[in-house]
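**Student:** return atomic coordinates for the entry below.
(one chain, ligands or ions: 3)
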Amino acid sequence: MAVGRVWVAARVCRRVLRRAFSLHKPHSITDMENTLQLVRNIIPPLTTKKHKGQDGRIGIVGGCQEYTGAPYFAAISALKVGADLSHVFCTREAAPVIKSYSPELIVHPVLDSPSAVRDVETWLPRLHALVVGPGLGRDNVLLENVKGILEASKARDVPIIIDADGLWLIAQHPALIHGYRKAVLTPNHGEFTRLSDAVLRDLVDGSDHREAVRRLSQALGNVTVVRKGERDVMSDGEHVLECAHEGSSRRCGGQGDLLSGALGVLVHWALHAGPEKTNGSSPLLLAALGACSLTRQCGHQAFQKHGRSTTTTDMIAEVGPAFRRLFET
Ligand SMILES: NC(=O)C1=CN([C@@H]2O[C@H](COP(=O)(O)OP(=O)(O)OC[C@H]3O[C@@H](n4cnc5c(N)ncnc54)[C@H](O)[C@@H]3O)[C@@H](O)[C@H]2O)[C@@H](O)CC1
Ligand SMILES: Nc1ncnc2c1ncn2[C@@H]1O[C@H](COP(=O)(O)OP(=O)(O)OP(=O)(O)O)[C@@H](O)[C@H]1O
Ligand SMILES: [Mg+2]
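**Tutor:** Numbering: from 1, shown residues only. Ligands and ions are numbered 1, 2, ... in the order given. Predicted coordinates:
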């Protein structure tokens, strides 16, 4: 019975993969299965031998008067994927609101304080990855503080995922992230255009998403770029992966926040796994592929249950089953 179920699940998984992943050049289905296997390889096993924190302590930098949902979505998604602790560094005003959404988050009301950089810096040695931008807003004082937080994180070699208003900051100051090989940028359509306009000198053929993403990554010194959209396209300036895994037709806000929180955990796992597990592939690209396929699978499952009324909260409720279906069957 159990064996039969595993066999059926493996067949479903192969079918899913055939639709989901295509590499830059045509590759065989075996190649695609190997790529998914590499994503599976980086997932730490659940055992009784670990202590709290080992599977991930993730920080989210964002949350201001206007936006409290985005940092919450990112932080709770990191926990649901498998991180042990999730910290949110937000403004004083946003903190009680975010705390009230969930007792599971650790919330620091420091982002608009004059000592913001120092306050976050004291936590950096205890964090495995930082997600910068969900719900950050564009207030100049906050953006100045985030500049300092980025510099401090790079100095400590902390992996950084940059999304939303964090990408706004990078479009103004690309040097902040240029050449940092532990960074992943996750632009949506608008954010990608803004970054490309800021960084690329020559026009790129807008219809060739793969080349456009590869060029942007290269221009940023091979920082990994994940362009979200109908298909997610990701590149480290050299290799290009694409995820067209079936998602949903709902485009409600917050799905990108789910992705960025999930990516924070997966990037930590991928870097921690080491080269024998990733078999020479870029750990950041594997993590990106994992986060994109997981987000889309959550959308797909939530949409099957809730249809038009699907929201990001419904997708977050699907993280566990979606993860199991993609990576643990
Ligand atoms: N519940 C919340 O608190 C949420 C807050 N959010 C935050 O809202 C802030 C602004 O984020 P935005 O994503 O709106 O960024 P922008 O303010 O740069 O987006 C500008 C506009 O671009 C449009 N756009 C987005 N995708 C597009 C596409 N594919 N084609 C054409 N136009 C497109 C959007 O409709 C939006 O009106 C960020 O801090 C973000 O994190 C979002 O994450 C959504 C959820
Ligand atoms: N047209 C589409 N079809 C299917 N999936 C999509 C489509 N557009 C985006 N997605 C998926 O939705 C997720 C979030 O992407 P999106 O472009 O909505 O991010 P975002 O605008 O940053 O979201 P947020 O509202 O959280 O800021 C990604 O996993 C992406 O694959
Ligand atoms: Mg977004």
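**Student:** state the helix or strand in which residue 265 lies.
**Tutor:** Per DSSP states H and E, residue 265 falls inside helix 255-273.
**Student:** which elements pack onto the top helix by length along the chain?
**Tutor:** In the chain, with assignment by DSSP state H, the single longest helix is helix 283-306. Counting contacts by 3 or more C-beta pairs under 8 Å, 6 or more residues apart in numbering; DSSP states H and E, helix 283-306 packs against helix 29-41, strand 183-185, strand 224-227, strand 232-235, strand 240-243, helix 255-273, helix 312-316, helix 319-327. The way it works is simple: take the backbone N, C-alpha and C, and place the C-beta from them, glycine included.
**Student:** contacting residues around the residue of the stretch 51-200 of the chain found nearest ligand 2?
**Tutor:** Closest residue of the stretch 51-200 of the chain to ligand 2, C-beta to the nearest ligand atom: residue 188 (3.4 Å). Residue 188 makes contact with 228-229, 256, according to C-beta atoms under 8 Å, 6 or more residues apart in numbering.
**Student:** switch to 6 Å and redo it
**Tutor:** 228, 256 (C-beta atoms under 6 Å, 6 or more residues apart in numbering).
**Student:** what's the spacing between it and residue 124?
**Tutor:** Distance, residue 188 to residue 124, using C-beta to C-beta, to the nearest Å: 27 Å.
**Student:** what helix or strand does residue 230 sit in?
**Tutor:** Going by DSSP H and E, residue 230 is not in any helix or strand.
**Student:** excluding covalently adjacent residues, which one is nearest to it?
**Tutor:** What sits nearest to residue 230 in space, not counting adjacent residues and going by C-beta to C-beta, 6 or more residues apart in numbering, is residue 244, at 7.8 Å.
**Student:** that neighbour against residue 231, yeah?
**Tutor:** Yes - using C-beta atoms under 6 Å, residue 244 is in contact with residue 231, at 4.5 Å.
**Student:** show me which residues of this structure are close to ligand 3?
**Tutor:** Within the chain, the positions adjacent to ligand 3 are 164, 256 by C-beta under 5 Å from the ion.
**Student:** so which residue of the chain comes closest to ligand 2?
**Tutor:** residue 256 (2.4 Å).
**Student:** neighbours of that residue, how many?
**Tutor:** Other residues near residue 256 come to 23 when the count uses other C-beta atoms under 10 Å.
**Student:** one more: residue 175?
**Tutor:** Residue 175: 9 neighbours (other C-beta under 10 Å).
**Student:** mind checking how far it is from ligand 1?
**Tutor:** 21 Å (C-beta to the nearest ligand atom, to the nearest Å).
**Student:** A helix includes that residue, no?
**Tutor:** Yes - counting by DSSP: H, G, I helix; E, B strand; the rest coil, residue 175 is located in a helix.
**Student:** ok, residue 93 touching residue 65?
**Tutor:** Yes - with contact defined as C-beta under 6 Å, residue 93 counts as touching residue 65 (5.3 Å).
**Student:** quick one, phi/psi of the one residue in the stretch 201-329 of the chain that gets nearest to ligand 1?
**Tutor:** As assessed by C-beta to the nearest ligand atom, ligand 1 sits closest to residue 253 within the stretch 201-329 of the chain, at 3.2 Å. Main-chain torsions, residue 253, degrees, to the nearest 10: phi -60, psi 150.
**Student:** can you report how many residues neighbour the nearest residue to it once chain neighbours are set aside?
**Tutor:** Among residues not flanking residue 253 along the chain, residue 312 sits closest, at 7.0 Å (C-beta to C-beta, 6+ apart). Residue 312 is flanked by 25 other residues according to other C-beta under 10 Å.
**Student:** who touches residue 312 in this structure?
**Tutor:** 73, 254-255.
**Student:** that older thread, of all the residues in the helix or strand just after the helix holding residue 265, which ones are buried?
**Tutor:** Per DSSP H and E, the first helix or strand lying C-terminal to helix 255-273 is helix 275-278. Judged by neighbour count (16 or more other C-beta atoms under 10 Å), helix 275-278 contains these buried residues: 277-278.
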